[in-house]
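Colleague: Dropping a prediction and its sequence here:
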Amino acid sequence: MPKQIAISEVATGFRYLLSETFEGVHGAYLDKGTSLFETLEQISAAEASQPMGECATIAAHVAHTSYYLRVLEDRMFGRDLSYVNWDTIWNEVSSVDKAEWAAMIADLLLTYDRIMDHLDQSDDWSGFTELSSLLGMIAHSAYHLGEIRQMMCHLKG
């Protein structure tokens, strides 16, 4: 019989990777000081609003990250997803003022915290939906973190 991994161990692994992506490096794949929240602390509202040619702003990347985390959170709980429109953020978010930037980061933190709380309740998982949603969160968040860090490189020269 194949060896089974307890869902609590899977949740611990997801927590480890998500926390590295968002909060601080544990040694899985990021360099020290390069997690998403550490990165965003270094970016002003003006910098977050700076267009990169035809590309989205950092503010749009942060808004999108928060949005897709909420979508995948809703997917994990089997909620209605008929509201999903992936183009909304990219079309509506470009520049932000200082208060909007702070609120955007606070919203991302609240969503992230809810997801981390869900990982603490992994005994209730049914399987595929939770696993695939969390894998998507890790991969997609890491992608946007990379995009934001590349944009910072150009902004801060």
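Modeller: Alright, I've got the coordinates. Numbering: from 1, shown residues only.
Colleague: From Val25, how far out is the most centrally placed residue in the chain?
Modeller: With distances taken as Cα atoms, centre = their mean, Ser141 lies nearest the centre of the chain, 4.1 Å away. From Ser141 across to Val25, the span is 14 Å (Cβ to Cβ, to the nearest Å). Where you see a C-beta, it was placed from the backbone N, CA and C, and this is true even at glycine.
Colleague: helix/strand/coil for the closest residue to Ala28 other than its chain neighbours?
Modeller: Closest residue to Ala28 apart from its sequence neighbours, by Cβ to Cβ, 6 or more residues apart in numbering: Glu20 at 5.0 Å. Taking DSSP: H, G, I helix; E, B strand; the rest coil as the rule, one finds Glu20 in the helix state.
Colleague: can you give me the strands in the protein?
Modeller: Counting by DSSP state E, the chain has no strands at all.
Colleague: Kindly state the pLDDT recorded for Glu73?
Modeller: pLDDT for Glu73: 91.
Colleague: Next, count neighbours for it.
Modeller: 18 (other Cβ atoms under 10 Å).
Colleague: which residues does it contact?
Modeller: Taking Cβ atoms under 8 Å, 6 or more residues apart in numbering, we find Glu73 in contact with 111, 114-115, 118, 133.
Colleague: want to throw those residues into a markdown table with neighbour count and distance to Glu41?
Modeller: Formatted as a markdown table, those follow (neighbours: other Cβ atoms under 10 Å; distance: Cβ to Cβ, whole Å):
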| residue | neighbour count | distance to Glu41 |
| --- | --- | --- |
| Thr111 | 18 | 18 |
| Arg114 | 12 | 21 |
| Ile115 | 21 | 20 |
| His118 | 20 | 25 |
| Ser133 | 20 | 27 |
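Colleague: Thanks again, I'm all set now.
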